[in-house]
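A.B. asks: requesting a structural model of the entry that follows:
(one chain, ligands or ions: 2)
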Amino acid sequence: MLERTFCMIKPDALARGLKDQILGRIKEDGFNIIKEKELKMGRTDAQKLYAVHQGKSFYAGLVNFITSGPAYLMALEREDAVLELRKLMGATDPRQAAPGTLRSDFKEDNIFNSEGIMKNVIHGSDSVENAKYEISIFF
Ligand code: UDP
Ligand code: MG
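C.D. replies: Ligands and ions are numbered 1, 2, ... in the order given. Model (predicted):
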């Protein structure tokens, strides 16, 4: 089904100058960019985006990481957008992501930041329902 998902090129990837390469891969994979903007996220929006992780050990560090610098936010559309973006991203831990996925292909030697947060270059919604919620926070 034609679907939309929320995608974010995370601050680690933007700081490394990977934006255009990652956008190229996303477009090559058949996604249309419906909405896009660069944003240094405020803490309130970060807490909304990661509300599902509240209470977990990595939550505070994750909010710090995602607000640490500009990110590139998008609403993307294609057939089965949610699942297809997750496939293109690869596993959460870049060391476990399959070759050919973004998280594998752009992984750093040291994937952890100073607070122990995994730097994995990209976020994608994990369900259609969450995609709608996440898009509504930013657009
Ligand atoms: N994360 C982390 N340590 C963990 C789990 C997650 O640093 O043990 C970070 C990582 O950057 C991840 C984000 O928190 O992308 C959100 O976690 P989630 O489990 O939702 O993974 P994702 O949906 O991004 O694959
Ligand atoms: Mg997630």
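
A.B. asks: can you list the residues of the chain near ligand 1?
C.D. replies: Residues of the chain that fall close to ligand 1, judged by Cβ under 6 Å from any ligand atom: Phe58, Leu62, Thr92, Ile117, Met118, Asn120, His123, Asp126. Yep, even glycine has a C-beta here, placed from its N, CA and C like the rest.

A.B. asks: one more time with 5 Å
C.D. replies: With Cβ under 5 Å from any ligand atom as the criterion, the chain comes near ligand 1 at residues Phe58, Leu62, Thr92, Ile117, Met118.

A.B. asks: can you list contacts of stretch 77-96?
C.D. replies: With contact meaning Cβ atoms under 8 Å, 6 or more residues apart in numbering, stretch 77-96 is reached by 1-5, 7, 25-26, 29-32, 34, 76, 97-98, 101-104, 106-108, 111, 118-122, 124-128, 131.

A.B. asks: out of those, which end up buried?
C.D. replies: The neighbour-count test (16 or more other Cβ atoms under 10 Å) marks 3-5, 7, 25-26, 31, 76, 97, 101-104, 106-107, 111, 118-122, 124-125, 128, 131 as buried among the contacts of stretch 77-96.

A.B. asks: and the residue most central in space within the chain, what's its pLDDT?
C.D. replies: By Cα atoms, centre = their mean, the chain has its centre lying nearest to His123, at 1.5 Å. Looking at His123, its pLDDT is 98.

A.B. asks: that one: what secondary structure?
C.D. replies: State at His123, reduced to three classes by DSSP: H, G, I helix; E, B strand; the rest coil: strand.
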